[in-house]
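Enquirer: the following block contains a protein sequence and its predicted model.
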Amino acid sequence: MAEPTQVLAVKSKKLNLYGAADGPRVEALPGEQVKTPIAILEVAPNNRLKVEIGGKPYWLAPHQVETDEKITVEVRCRDQVSSYASTRGNLEKCKP
């Protein structure tokens, strides 16, 4: 499967921007204010997407955006009430 090269749309009302692939959120933008498509510069091992917005580098969570290629996300359940979690419309078996 090929890696995504573009963010085509924002799926959430606000888009969280992270300062590093594994770092905390540094900013949030209203989803409708984000102009797409956005070139993806890098895909981190945790599937965060490095992009440039307003001339600054940021990382995006893949579940908040639609990309030109499907991203496979390892699902981890926060609570074990259910052993399945929904990811991008598909049921995935949770990893403990």
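Expert: In hand now; what should we look at? Residues are numbered from 1 along each chain as shown.
Enquirer: could you look up the SS state of the closest residue to Pro45 other than its chain neighbours?
Expert: The shortest distance from Pro45 to any residue other than its chain neighbours is 7.7 Å, reached at Ala21 (CB to CB, 6 or more residues apart in numbering). Yep, even glycine has a C-beta here, placed from its N, CA and C like the rest. Of the three states, Ala21 takes coil under DSSP: H, G, I helix; E, B strand; the rest coil.
Enquirer: and Ala21, what does it touch?
Expert: Under the criterion of CB atoms under 8 Å, 6 or more residues apart in numbering, the contact list for Ala21 reads Ala44, Pro45, Asn46, Arg48, Lys50, Trp59.
Enquirer: any figure for the gap between the most centrally placed residue in the chain and Leu49?
Expert: Of all residues in the chain, the one closest to the mean position by CA atoms, centre = their mean is Pro62, 1.4 Å from it. Distance of Pro62 to Leu49, computed by CB to CB, to the nearest Å: 6 Å.
Enquirer: helices and strands of this protein: which one bottoms out on pLDDT?
Expert: Ranked by mean pLDDT, DSSP states H and E, the helix or strand of the chain with the weakest confidence is strand 84-87, at a mean of 42.
Enquirer: which residues are in contact with the host helix or strand of Asn16?
Expert: In this structure, Asn16 sits in strand 14-18 according to DSSP states H and E. In this structure, residues lying in contact with strand 14-18 by CB under 8 Å, 6+ apart are 24-31, 34, 48, 53, 58-61, 64-65.
Enquirer: let's go with 7 Å and repeat that
Expert: 24-31, 34, 48, 53, 58-61, 64 (CB atoms under 7 Å, 6 or more residues apart in numbering).
Enquirer: just the buried residues of it, please?
Expert: Of the residues in strand 14-18, those buried by neighbour count under the rule 16 or more other CB atoms under 10 Å are Leu15, Asn16, Leu17, Tyr18.
Enquirer: next one: stretch 57-74
Expert: With burial defined by 16+ other CB under 10 Å, the residues of stretch 57-74 counted as buried are Tyr58, Trp59, Leu60, Ala61, Pro62, Gln64, Val65, Glu66, Thr67, Ile71.
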